[in-house]
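Undergrad: Dropping the sequence and predicted coords here.
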Amino acid sequence: MIDLFNPSEEHAALRTMVRDFATHELEPQAAAHDRDERFNLPLFRKLGDLGLLGITVDERFGGSGLDAVAAVIAHEELAAVDPGFCLAYLAHAMLFANNLAINGNDAQRLRVLPDACAGRKVGGMCMSEPGAGTDVLGMGSRLTPTDDGYALTGRKMWITNGAISDSELGDCFLVYAHAGAAGSRALTLVLVEKGMPGFRLGQKIHDKLGMRASTTAELVFDAVPVPSENVVGSVGSAVRSMMRNLELERLTLAAMSLGIARRCIEVMNRYATDRQSFGKPLREFGQIQRHIAESWAEWMAGRCYVYKTAAELRLDSGGNRIDSDGVKLYCATMAKNVADRAIQVLGGYGYVGEYAVERLWRDAKLLEIGGGTNEAHQKNMTRDLAAMTILR
């Protein structure tokens, strides 16, 4: 019988490797880096040694050449321990490395991806702006033609890995901008690298509710010269590639939700066994049983949905939006609710950092916002369902 969650020996070995890394390397530093709002760059670079930073990138360009199920496994296991660190991983491995691997040309891949896959460079993707979030086609960033390429002008907001410290930029970014006539909603994708004139850090965002171990920044592009060879794909064709990459982003964000929920269930299950009240374990009380049982059922439902969607998703083609939106819509709220129940089961102990569930609860909330809000998923799914007369 096929194991939905580990469909091959390679997938099972990957899960064991990532879980061991999370337990022995991530766990000891997670609370401190969350508290201090610091990105653990040396530990992040170790993911390159494990082959995780280019997990879906072809081996010709330094990657591991694995599939969407492998990406889901990695995100589930990392997020069960440190969702903030895992978010930085997602921005680099999915939004940058996979994006360039699928949409770039061989010259771009050969020049940039080996360093990205090895962890020598930290990458990200730039889409949201101070005045354009869900309405991504309404972004104001523009590419103006020059003699040897384009000049990029604009500001990008909420960029994960935009900074790797309070004052230092990340290394390389895929940036979406308009290159057509005023009013055009066609987008172009370009590669921008640290050191290009006019490219600078606007601000590192401080005092976030959660995901504090990943850096979030505003990036500024002041007539940045972008050579023609840095255009990824063709001018004006990036909407399709953006939507395709968003499917993988939303799938792996849903996988992060699975990791958060699983860890919370483990904590409350163990606590309900060990903690005595009125002379018997907490787990013998009906109110506690409801929290644990409903959490398990919801987590397993989400897990089956995520892995089924991952098994069907092809990295180089789109058309999976209804389920990539669906898994994130369901799992993001599921993880937040499970974390909330864990806090309730632990009572006062759940409200402080010792058992980690308060951190996981804070981290879970972002998943209802980042990578597409719940409301955006509801809109997309309802629109797609309108075209279906018979549900599969």
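TA: Noted; the coordinates are in hand.
Undergrad: contacts, neighbours, all on C-alpha from now
TA: Fine.
Undergrad: Strands along the stretch 201-350 of the chain, start to end?
TA: Secondary structure of the stretch 201-350 of the chain (DSSP state E, counting those that start in this stretch): strands located at 216-227, 231-232, 276-277, 280-281.
Undergrad: what's the longest one packed up against?
TA: If contacts are counted by 3 or more C-alpha pairs under 8 Å, 6 or more residues apart in numbering; DSSP states H and E, strand 216-227 sits against strand 149-160, strand 188-193, strand 199-204.
Undergrad: The second one now?
TA: For strand 231-232, the elements it packs on are strand 188-193, judged by 3+ C-alpha pairs under 8 Å, 6+ apart.
Undergrad: so how far is the strand it packs on off the chain centroid?
TA: 20 Å (C-alpha atoms, centre = their mean, to the nearest Å).
Undergrad: tell me which strands and helices that strand is in contact with?
TA: If contacts are counted by 3+ C-alpha pairs under 8 Å, 6+ apart, strand 188-193 sits against strand 172-177, strand 216-227, strand 231-232, helix 238-274.
Undergrad: Can you lay out the ones you listed as TSV showing distance to Glu129?
TA: Below are the helices and strands packed on strand 188-193 laid out as TSV (distance: least, C-alpha to C-alpha, whole Å):
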stretch	distance to Glu129
strand 172-177	10
strand 216-227	8
strand 231-232	20
helix 238-274	15
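Undergrad: can I get those in JSON lines with distance to Trp158 and mean neighbour count?
TA: Listed next are the helices and strands packed on strand 188-193 as JSON lines, based on distance: least, C-alpha to C-alpha, whole Å; neighbours: other C-alpha atoms under 10 Å:
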{"stretch": "strand 172-177", "distance to Trp158": "13", "mean neighbour count": "24"}
{"stretch": "strand 216-227", "distance to Trp158": "5", "mean neighbour count": "21"}
{"stretch": "strand 231-232", "distance to Trp158": "22", "mean neighbour count": "22"}
{"stretch": "helix 238-274", "distance to Trp158": "15", "mean neighbour count": "24"}
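Undergrad: Columns mean pLDDT and distance to Glu77 on top of the ones you listed, output as a markdown table?
TA: Compiled in a markdown table, the helices and strands packed on strand 188-193 are given as follows (pLDDT from 0 to 100; distance: least, C-alpha to C-alpha, whole Å):
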| stretch | mean pLDDT | distance to Glu77 |
| --- | --- | --- |
| strand 172-177 | 97 | 26 |
| strand 216-227 | 98 | 22 |
| strand 231-232 | 98 | 31 |
| helix 238-274 | 96 | 6 |
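Undergrad: which one of these lies closest to Phe85?
TA: helix 238-274 (10.9 Å; C-alpha to C-alpha).
Undergrad: Quick one: list the elements packing against the closest one.
TA: So helix 238-274, by 3+ C-alpha pairs under 8 Å, 6+ apart, packs with helix 68-79, helix 83-90, strand 188-193, strand 280-281, helix 286-312, helix 321-346, helix 357-366.
Undergrad: and of those, who's closest to Met243?
TA: helix 321-346 (8.3 Å).
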